[in-house]
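Trainee: Next comes the sequence, and after it the predicted model I'd like to discuss.
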Amino acid sequence: MSLIRFFHGCAQLGDISIFVGGVPVARQLSYGEATPHFLVRQGQTQIRVEEKGVVRMQNHVIVPEGETYTLLILCRGGFPEMIAIAEDGRLLDQEQSGVRVGSFAEGDTQLQLWRRFAEQDESLFEQIEQGDVSEYVQLEPGQNRFEVREENAVISMLPGQNIEKGQLYTVYVIGKNDPDEEEHPVAIILLQDVAMSAP
């Protein structure tokens with residue numbers, strides 16, 4: 001068995017329903033929301049995404065044994081697609097937390113991820129390329145404010161996030177990096193990942 005979850009990161013789609021092997025696993029999942037992790041059997045299965053009863057995407061995927069994935073649904077060029085992001089991080093120090101970033105905002109500009117912790121600003125990742133998922137970095141647990149910056153100007157902020165010790169997180173950057181975009185600007189979504197035991 002493997003663990004998967006779905007994350008709705010496609011600004012052009014409204015609420016969606018998701019079916020795995022014909023079985024509904026999510027109904028009315030809104031943009032920026034994720035399902036809980038759930039178990040699936042290994043092997044080939046069909047994943048179907050519907051919006052208001054209309055099929056928007058249908059893929060056959062092969063689920064490996066014993067893995068954990070976030071299946072990110074986003075739109076490129078106006079068409080939905082799905083990206084599998086492995087949750088395979090390990091914390092060597094269980095007193096620390098692990099954070100990484102996944103950059104999926106539309107637009108070609110390189111972005112930076114900062115955090116404010118204990119009244120100090122800290123740069124976590126510089127020059128995040130679109131479509132990249134970084135490695136995890138270890139951080140002190142506690143209250144954090146995350147910021148996405150472009151040329152040191154804050155374009156999106158996520159305050160009041162409690163990072164717990166011994167846990168892993170992915171900061172997803174989604175939306176449209178366009179100053180004229182009002183409906184779906186750049187947004188930061190923090191999701192807790194499944195932390196694997198240190199070897």
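Mentor: It's in. These numbers were taken from a predicted model, which means no experiment stands behind them.

Trainee: make it CA atoms for all contacts and neighbour counts henceforth
Mentor: Fine.

Trainee: give me the number of residues near Val25?
Mentor: Using other CA atoms under 10 Å, Val25 has 16 neighbouring residues.

Trainee: Identify the residues contacting Val173.
Mentor: Val173 is in contact with Val101, Gly102, Ser103, Phe104, Ala105, Val148, Val186, Ala187, Ile188, Ile189, counting by CA atoms under 8 Å, 6 or more residues apart in numbering.

Trainee: Pipe these into a markdown table and attach neighbour count, secondary structure and distance to Val25 per row.
Mentor: Formatted as a markdown table, those follow (neighbours: other CA atoms under 10 Å; DSSP: H, G, I helix; E, B strand; the rest coil; distance: CA to CA, whole Å):
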| residue | neighbour count | secondary structure | distance to Val25 |
| --- | --- | --- | --- |
| Val101 | 24 | strand | 26 |
| Gly102 | 21 | strand | 24 |
| Ser103 | 22 | strand | 26 |
| Phe104 | 26 | coil | 24 |
| Ala105 | 27 | coil | 26 |
| Val148 | 22 | strand | 31 |
| Val186 | 22 | coil | 27 |
| Ala187 | 21 | strand | 25 |
| Ile188 | 24 | strand | 24 |
| Ile189 | 19 | strand | 21 |
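
Trainee: Go through those and name the one nearest Arg5.
Mentor: Nearest to Arg5 among the contacts of Val173: Ile189, at 14.7 Å, using CA to CA.

Trainee: How about the residue nearest to that closest one when sequence neighbours are not counted: which residues does it bridge to?
Mentor: Using CA to CA, 6 or more residues apart in numbering and skipping the chain neighbours, the partner closest in space to Ile189 is Tyr172 (5.1 Å). Judged by DSSP bridges, the bridge partners of Tyr172 are Gly102, Ile189.

Trainee: isn't Tyr172 right next to Phe104, touching?
Mentor: Yes: at 7.1 Å, Tyr172 and Phe104 qualify as touching, with contact defined as CA atoms under 8 Å.

Trainee: show me what contacts the residue nearest to Ile189?
Mentor: By CA under 8 Å, 6+ apart, the contact set of Tyr172 is Val101, Gly102, Ser103, Phe104, Ile188, Ile189, Leu190, Leu191.

Trainee: where's it relative to Val194, distance?
Mentor: Remark: distance between Tyr172 and Val194 (CA to CA, to the nearest Å) = 15 Å.

Trainee: Let's test this: name the helix or strand in this structure with the lowest mean pLDDT.
Mentor: Least confident helix or strand of the chain, by mean pLDDT, DSSP states H and E, is strand 120-128 with a mean of 90.

Trainee: and that strand, which strands flank it?
Mentor: Strand 120-128 has these strand partners (DSSP bridges): strand 111-117 (antiparallel).
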